[in-house]
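>>> Give me a model of this one.
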Amino acid sequence: MAMPLLARDVYKYISEDGEVIYSERYHPDAERITVSDSKKTAALPPDEQSEEARAAAGEYATFSIVKPSDNETIRNEEGTVPVGISLEPGLAEGHVIHLFVDGTKLDSDIKQTQLILQQLNRGTHSLQAKIINSEGESLKESNSITFHLRQPAVN
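Numbering: from 1, shown residues only. As a prediction, this is how the structure comes out:
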């Protein structure tokens with residue numbers, strides 16, 4: 001199952017209920033998050049280096065699938081589904097994310113937290129992600145979510 005992935009800029013904002021929302025659509029109170037090439041690295045301030053060291057050791061504080069939400073119904077004619085992953089601290093050097101759709105790993109190693117699945121068939125699907133180190137060992141597993149993709153009838 002090879003599905004192309006596309007990286008895009010996303011917007012992050014906090015709803016009136018205090019919920020953190022990530023979206024590809026502009027919102028007046030949103031902070032724009034630019035998805036960049038993860039191979040580029042920048043020096044971190046000293047207070048953040050300890051988080052990077054913890055991530056390198058596989059100690060991620062947060063790792064979960066936040067989009068789509070569990071049991072969400074998505075109506076999409078093209079079979080595309082945006083996926084958002086919450087990850088703190090950021091992905092450490094040498095680590096990748098493996099995304100599993102219906103229990104099958106995507107062919108691509110993922111290094112970004114916002115992506116789009118393409119060419120999914122209608123029906124109920126499951127998603128789970130795992131952080132893998134350079135030796136191929138699983139360091140952390142995300143929650144597993146189920147979503148429903150609905151498309152117009154072909155008749």
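
>>> ok, residues contacting the helix or strand residue 149 falls within?
Taking DSSP states H and E as the definition, residue 149 sits inside strand 145-150. Outside strand 145-150, the residues within contact range by C-beta atoms under 8 Å, 6 or more residues apart in numbering are 65, 68-76, 79, 81, 120-128. The way it works is simple: take the backbone N, C-alpha and C, and place the C-beta from them, glycine included.

>>> mind checking the SS state of the nearest residue to residue 94 once chain neighbours are set aside?
What sits nearest to residue 94 in space, not counting adjacent residues and going by C-beta to C-beta, 6 or more residues apart in numbering, is residue 134, at 3.9 Å. Here residue 134 is coil, with the state taken from DSSP: H, G, I helix; E, B strand; the rest coil.

>>> what does residue 94 give?
coil.

>>> Distance check, it against residue 65.
Distance of residue 94 to residue 65, computed by C-beta to C-beta, to the nearest Å: 22 Å.

>>> neighbour count winner among the two?
residue 65 (21 against 10; other C-beta atoms under 10 Å).

>>> host element of that one?
strand 62-67.

>>> Quick one: name whatever helix or strand follows that strand.
Following strand 62-67 in sequence order, the next helix or strand is strand 72-75 (DSSP H and E).

>>> For that next one, enumerate the helices and strands it packs against.
strand 145-150 (3 or more C-beta pairs under 8 Å, 6 or more residues apart in numbering; DSSP states H and E).

>>> Convert the C-alpha atoms of the strand it packs on to CSV, please.
Output of strand 145-150 as CSV, limited to C-alpha atoms (Å, rounded to 0.1, in the frame of the first residue of the first chain):
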residue,chain,number,x,y,z
ILE,A,145,-7.8,5.9,16.1
THR,A,146,-10.6,4.9,13.8
PHE,A,147,-12.2,7.1,11.2
HIS,A,148,-14.8,6.7,8.5
LEU,A,149,-14.3,7.9,5.0
ARG,A,150,-17.5,8.6,3.1
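
>>> Paired strands for that strand, with orientation please.
Strands adjacent to strand 145-150 in the sheet, as given by DSSP bridges, are strand 72-75 (parallel), strand 123-132 (antiparallel).

>>> Export these as JSON lines, with columns for distance to residue 12.
Output for those, formatted as JSON lines (distance: least, C-beta to C-beta, whole Å):
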{"stretch": "strand 72-75", "distance to residue 12": "19"}
{"stretch": "strand 123-132", "distance to residue 12": "19"}
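
>>> Perfect, I'm done here.
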